[in-house]
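Peer 1: one predicted model, sequence on top.
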Amino acid sequence: MIKLSVNINKIAVIRNSRGGNVPDVIKAAISCERFGADGITVHPRPDERHIKYDDVRNIKKAITVEFNIEGYPSDKFLKLIQEVIPTQVTLVPDPPNVITSNAGWKVKENFEFLTKTIKFLQSLNIRTSIFVEPNEEDIIWAAKTGTNRIELFTGPYAEMYPIDKEKAIAPYIKAAEIAKSLGLEINAGHDLNLENLNYLAKNIPYLSEVSIGHALISDALYYGLKETIKLYKEQLLTTP
């Protein structure tokens, strides 16, 4: 079964738009776990415009499922990681001013930096993942860093899916095969939703985990959080 990690950043966005503590991010994380999520994902940014650093600390205390923290490995970010010790850290290359992560690492160009960061994280017994696009060079260089996993950036897949789903999935199948041959586990995320998720789950081999936030939290406005998590987990079933 492919695991579903629910990214709750968007719940923090709603809270931050009014101040105070409504909706309660910690309660949302606990509820996601209770409703069947296999993990919770957050992406604290330097300006804390979404998830705040104190949210990260409090979520770690409140949940028992896997905790995945995404982010650019700045000194501030790594200090938080060292304090919290999540299950997994997903390294993303986004600068502070971007709205969302919209590209994978150019791993060869950042090889020394990523290798040093991964060695540090693994010394803390934290599983590591590098956010990459589905191309052979980046995956090969990712394996050389010593990372445990890669997370395939599925934005291009989601964009192409309504036009030609076979063409959309093709580079991801190849990427997964390469990653597996190099001993890497595989995650995926970005713009996955109830329309495109099942096809991806059935066609990308060796997929361990998907991280989904924007679409899932948006769908929860219509279906409720409990039913939405159920619907997304059903999309991850790869057999009848």
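Peer 2: Nice, I can see it.
Peer 1: for the rest of this, base every contact and every neighbour count on C-alpha atoms.
Peer 2: Noted.
Peer 1: nearest residue to the middle of the chain?
Peer 2: The residue lying closest to the centre of the chain (Cα atoms, centre = their mean) is S211, at 4.0 Å.
Peer 1: and the strands in the chain?
Peer 2: Taking DSSP state E as the test, the strands found in the chain are 3-7, 39-42, 66-71, 88-91, 127-132, 149-153, 185-189, 207-212.
Peer 1: which of those sits closest to G20?
Peer 2: Nearest to G20, of all these, is strand 39-42, at 19.3 Å by Cα to Cα.
Peer 1: what's near enough to touch K106?
Peer 2: For K106, the contacting residues are V132, D138, by Cα atoms under 8 Å, 6 or more residues apart in numbering.
Peer 1: begin at 709 from now on, thanks
Peer 2: New numbering, starting at 709: the last item is K814.
Peer 1: just checking, I858 touches E841?
Peer 2: No: contact criterion Cα atoms under 8 Å: I858 and E841 do not qualify, at 9.4 Å.
Peer 1: how much space between the residue nearest to K882 when sequence neighbours are not counted and L712?
Peer 2: Of all residues not flanking K882 in the chain, P842 sits nearest, at 8.0 Å (Cα to Cα, 6 or more residues apart in numbering). Note on P842: its distance to L712, by Cα to Cα, to the nearest Å, is 20 Å.
Peer 1: low-confidence stretches in the protein?
Peer 2: Along the chain, the parts satisfying pLDDT under 70 run over 803-810, 947-948.
Peer 1: more neighbours, P842 and L712?
Peer 2: Counted by other Cα atoms under 10 Å, P842 and L712 do not tie: P842 has more neighbours, with 25 against 21.
Peer 1: ok, E874 - how many residues close by?
Peer 2: The number of residues packed near E874 is 13, by other Cα under 10 Å.
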